[in-house]
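> sequence first, then the predicted structure, then my questions.
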There are 4 protein chains.
Amino acid sequence: MPRVTPADRRDRILAAAREEFAERGFAAARLEDVAKRVGISRAALYLAFDSKEAMFRALVSEVITEMMPKLLPSDYGSLPAPALMRAFVKNAMKRIASPDMAFLPRLIVGEGRNFPELARFYHETAMICVLGAIERLIVHGIARGEFACPDPKIAARSVAGGIIFAALWRNVFEPVGAEPLDIDWMAENHVGMVLYGLCKELPA
Amino acid sequence: MPRVTPADRRDRILAAAREEFAERGFAAARLEDVAKRVGISRAALYLAFDSKEAMFRALVSEVITEMMPKLLPSDYGSLPAPALMRAFVKNAMKRIASPDMAFLPRLIVGEGRNFPELARFYHETAMICVLGAIERLIVHGIARGEFACPDPKIAARSVAGGIIFAALWRNVFEPVGAEPLDIDWMAENHVGMVLYGLCKELPA
Amino acid sequence: MPRVTPADRRDRILAAAREEFAERGFAAARLEDVAKRVGISRAALYLAFDSKEAMFRALVSEVITEMMPKLLPSDYGSLPAPALMRAFVKNAMKRIASPDMAFLPRLIVGEGRNFPELARFYHETAMICVLGAIERLIVHGIARGEFACPDPKIAARSVAGGIIFAALWRNVFEPVGAEPLDIDWMAENHVGMVLYGLCKELPA
Amino acid sequence: MPRVTPADRRDRILAAAREEFAERGFAAARLEDVAKRVGISRAALYLAFDSKEAMFRALVSEVITEMMPKLLPSDYGSLPAPALMRAFVKNAMKRIASPDMAFLPRLIVGEGRNFPELARFYHETAMICVLGAIERLIVHGIARGEFACPDPKIAARSVAGGIIFAALWRNVFEPVGAEPLDIDWMAENHVGMVLYGLCKELPA
DNA sequence: AATGAATGAGGTTTCATTCAT
DNA sequence: AATGAATGAAACCTCATTCAT
């Protein structure tokens, strides 16, 4: 058994690529830096990937794929919808805003135009799933008589907005001096608003 | 009087640059394409800007500067906070998600790491102002006894999250096949959730 | 009569060109800087000269032409050769090493390969004249029984060598920190060596 | 073992660069021509040097460094100063005016303003050493009672002047039609003048 | 499997020169 | 006469990619 299997090397390359692409974006990242980070030659990258693009695609789709299962609640039987929502938002925000993952929305947003199929993949794999999960959760609450909502699909976007905001804030603005965001506290408050809104009185 | 004033040319270049940078990001955009779009030679770009970077910086900061005044409500006297919030969110979401502006968050998110001072400028000029306006609006509502909120600053982020979500959805996902988002409807519903939440009952 | 005649302007351009070409050499000098120095536009230079090359050629040949008459002793009748040599060397070294002129050998040396006809012109107009004058002076001394010299033409080169050395030292090495050269003292000593050499005794 | 070692390639590039820079000067030389001369691509030059400037600097300083040891007499014990001077001048003139070296003073003179640190390096490494050696030689002669000289340091410049003259003549004027200079004969005569001057009689 | 060497394609930038006004 | 605007040609440099070893 070889000490370093091809799969190992592939993973180490992807880990390095993650750093470089996250730091610079696709176009500005240099394969030389990726190779240096791994400690191999530039040419050796081509033993694992066909091209820079292939590497980028593999990185993004694998990160998406590995992120998804941890994101969604597996099943929520007949628990109260508010508690489910609270659990979901806190988990999702913590995961998505974590240093390992937060680079992903940034890359998708930044490179989506140049890599439409990645944006599509992210949309179909991540966005639709997350939004769908939230939507189902809302529908579940409505069915239980706990939630009222004219358009659960649209409402899901408001819920997701806060989560994405946290990820981008961490990754885009904190590095340039923005006030650090306490993710747990943000999650807590976001849930509060999502569930009860700002108003003290329900609408007439 | 010259047929084409320098300011004219500068503006036409910036308009073309907006298209190209928005389409490809900074690194992948080609000055040749910008020039072609304006109908001038590459060298002529250098009559208006010192470098590609200077052009990019000018574009971003000018768009930010011109966007801001339209974004914030000038004054809200003693109107009810819910109505103010509704007006603000609808206006801001429509502006920020409009085709002319939505490219901006995308660029900031995508290139923020390579142009930290632009991210900082956007943060200080746009984010802080918008978040501050929302926060003051919430505080205003609390003072009037209409809102209850444990942390207005954090709550402002949830409000902003939905707005940014709309802009990114339009710019990143719709072009790759995502279901189009009706901005007015989204704004209406976002306000609804921000004000009243999902729950039919207020918390115990 | 116009305030600024074409000839005036031509002269002012040449004066500016002298500075720029002297400072940077032909290739690295920028017409924009020449124009700025004169206080006119780049395009206006083309009213006086056909091209950068034409300007350079005019500059060099005019400086050569104006330098030459001041360099050579008009006539030396039957004066003693040593005194003539002393007068010539002191005058020539002072002139050639003067700030106004010293740039010329430097330009010729530096750009001679790219402008062979200027090198040729300098050679034919300046070098040959100066060397010829020295040679004739030596022949004059031999005829008077004052000098002994196996090859006056070659000897003239040794005399000229010291003069050129002074000009280059001033212009090339002093600006980078070389010990300043006292031209008068150098001339005095150069003449001494040329006339009497270093040895205390004449050769056997 | 590779057929072509990096050092080989570097040397071959420097050899080509020598030709091109010697022919055109720094600014007018084209890396494409250097590459063509070596038989490699332009990009391959950057495997050996970081930039055109780095290449130029390396070329000049390496040539200076390799030239110096051959130039100076190692030791002159108690030999008669005139013989030492003869040996030194003949050797130095032949070396400096040789086709391999003569391009160097021309480049230094031509590009010294644009590359002050190279002029400084040449001054400190070549000029000061050569002038110092000559000066010590003169002092040696004075100590032995063979030479008389009011200022050995200045006298050294006269000696050096003839040597530099020969190099420049060869490199600047001969290519444009000047009468070829017989270096050996010039050296012989230069020594003659340096030692005994032109005058048949010593000064009163 | 791994790499050092090499390259082609393409990018930004500079600048002498032209031309309509 | 004079210029601001414009450009074409070229230069330097970078980097993803290939290939012989």
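Thanks, I have it.
> domains in chain A, by residue range?
Using automatic domain parsing, the domain parsing of chain A gives A:1-49, A:52-196.
> deepest-packed of those domains, please.
The highest average neighbour count among these, using mean count of other Cβ atoms under 10 Å in any protein chain shown, belongs to domain A:52-196 at a mean of 19. Quick note: C-beta positions are derived from backbone N, CA and C, even for glycine.
> just the mean pLDDT for that one, thanks.
For domain A:52-196, the mean per-residue pLDDT is 92.
> and it, end to end?
Chord length of domain A:52-196, first to last residue, is 47 Å (Cα to Cα, to the nearest Å).
> does the helix or strand containing A:A83 reach chain B?
Using DSSP states H and E, A:A83 maps to helix A:81-96. Yes. Counting by Cβ under 8 Å from any Cβ of the partner chain, chain B is contacted by helix A:81-96 at A:A81, A:P82, A:M85.
> could these be laid out in CSV, adding distance to chain C?
Shown next, in CSV, are the residues of helix A:81-96 next to chain B (distance: Cβ to the nearest Cβ, whole Å):
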residue, distance to chain C
A:A81, 72
A:P82, 71
A:M85, 66
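> looking at these, which is nearest chain B?
Proximity of the residues of helix A:81-96 next to chain B to chain B (Cβ to the nearest Cβ) peaks at A:P82, which lies at 6.2 Å.
> how about the nearest residue to the residue nearest the centre of chain A, chain neighbours excluded?
With distances taken as Cα atoms, centre = their mean, the residue of chain A nearest its centroid is A:I96 (4.3 Å). Counting by Cβ to Cβ, 6 or more residues apart in numbering or on different chains, A:I96 lies nearest to A:A167, which is 4.8 Å off, once chain neighbours are set aside.
> picking up where we left off before, just give me the closest of the residues of helix A:81-96 next to chain B to A:A16.
A:M85 (37.8 Å; Cβ to Cβ).
> what about the helices in chain A?
Secondary structure of chain A by DSSP state H: the helices cover A:6-24, A:31-38, A:42-48, A:52-71, A:81-96, A:103-111, A:116-122, A:128-143, A:152-168, A:183-196.
> ok, now which ones touch A:F173?
B:G112, B:A119, B:H123, B:M127 (Cβ atoms under 8 Å, 6 or more residues apart in numbering or on different chains).
> filtering those by proximity to chain D, which remain?
Answer for the contacts of A:F173 near chain D: none qualify (Cβ under 8 Å from any Cβ).
> and these, which is closest to chain D?
Taking Cβ to the nearest Cβ as the measure, B:G112 is the one of the contacts of A:F173 closest to chain D, at 29.9 Å.
> got the contact list for the closest one?
By Cβ under 8 Å, 6+ apart, B:G112 lies in contact with A:R106, A:V172, A:F173, A:P175, A:V176, B:L118, B:A119, B:Y122.
> distance to DNA strand E for those - can I get that in TSV?
Output for those, formatted as TSV (distance: Cβ to the nearest atom of the strand, whole Å):
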residue	distance to DNA strand E
A:R106	22
A:V172	23
A:F173	27
A:P175	24
A:V176	23
B:L118	16
B:A119	20
B:Y122	22
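> out of those, which is nearest to C:A43?
Nearest to C:A43 among the contacts of B:G112, counting by Cβ to Cβ, is B:L118 at 36.8 Å.
> look up how far C:R157 lies from the closest one.
Distance from B:L118 to C:R157, counting by Cβ to Cβ, to the nearest Å: 65 Å.
> ok, the closest residue to A:N171 other than its chain neighbours to D:R86 distance?
Nearest non-adjacent residue to A:N171, counting by Cβ to Cβ, 6+ apart: A:A102, 4.4 Å away. Taking Cβ to Cβ as the measure, A:A102 falls 80 Å from D:R86.
> what's the residue nearest to A:I96 in contact with, if anything?
A:M93, A:I96, A:A97, A:M101, A:A102, A:P105, A:R106.
> again, only using 10 Å
A:92-93, A:95-98, A:101-106, A:181, A:183 (Cβ atoms under 10 Å, 6 or more residues apart in numbering or on different chains).
> then A:I64?
Taking Cβ under 10 Å, 6+ apart, we find A:I64 in contact with A:M101, A:L104, A:I108, A:L118, A:F121, A:Y122, A:E124, A:T125, A:A126, A:C129.
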